[in-house]
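Colleague: Generate coordinates for the sequence data below:
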Amino acid sequence: MFTADPGPAVEAQLAGDMAKRVLPLLPVVVVVAGLARGADGAASAAFAVALVLGNLALSAALLGWAARISLALLMGAALGGFGLRLFVLTAIVWVVKDQPWVDITALGFTLIVTHLGLLVWETRQVSASLAYPGLKPTRSQLAGGRR
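Modeller: Numbering: from 1, shown residues only. Coordinates of the predicted model:
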């Protein structure tokens, strides 16, 4: 009851997939923020996307580590890790808020929209089945790699 099944590490797979999806959009986000808020807005938007990617990577690492140990630790890491990561993000924003390159509006908006956008986008890609616990398999994967 308290031990975990050492199945595939889907946490890193999901975080990597989200990073792969946001990186092509990074120039668009930076340009839009730059047009809307100037050079400081562009720098702040790029920083916000870096914070989001770091948050997702930290989440995947924490959940992957906890899942290998026990289900109880996994649940604790999910809840406690969320609070810890939220605190770390808040602390980072608080530390940089007075820097001359920071546009707090662009930073906050990009941070929130990127987090929510990636999570909503990724929910469409998750299989949520025991046969494929991570991302949905592609048609070629279902066919055994044959075309």
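
Colleague: following the longest helix seen in the chain, which helix or strand shows up next?
Modeller: Assignment by DSSP state H gives helix 26-69 as the longest helix of the chain. The first helix or strand that comes after helix 26-69 along the chain, using DSSP states H and E, is helix 71-96.

Colleague: distance between that next one and the chain's centre?
Modeller: Between the centre of helix 71-96 and the centre of its chain there are 13 Å (C-alpha atoms, centre = their mean, to the nearest Å).

Colleague: tell me which strands and helices that helix is in contact with?
Modeller: When contacts are defined as 3 or more C-beta pairs under 8 Å, 6 or more residues apart in numbering; DSSP states H and E, helix 71-96 packs onto helix 26-69, helix 104-123. C-betas here are computed from N, CA, C, even on glycine.

Colleague: Quick one: mean pLDDT over the longest one.
Modeller: Helix 26-69 carries an average pLDDT of 91.

Colleague: Tell me the helices and strands packed up against that helix.
Modeller: Judged by 3+ C-beta pairs under 8 Å, 6+ apart, helix 26-69 is in contact with helix 10-22, helix 71-96, helix 104-123.

Colleague: what is the orientation angle of the last one with helix 26-69?
Modeller: Direction vectors for helix 104-123 and helix 26-69, defined by axes from the mean of the first three to the mean of the last three C-alpha atoms, to 10 degrees, enclose an angle of 60 degrees.
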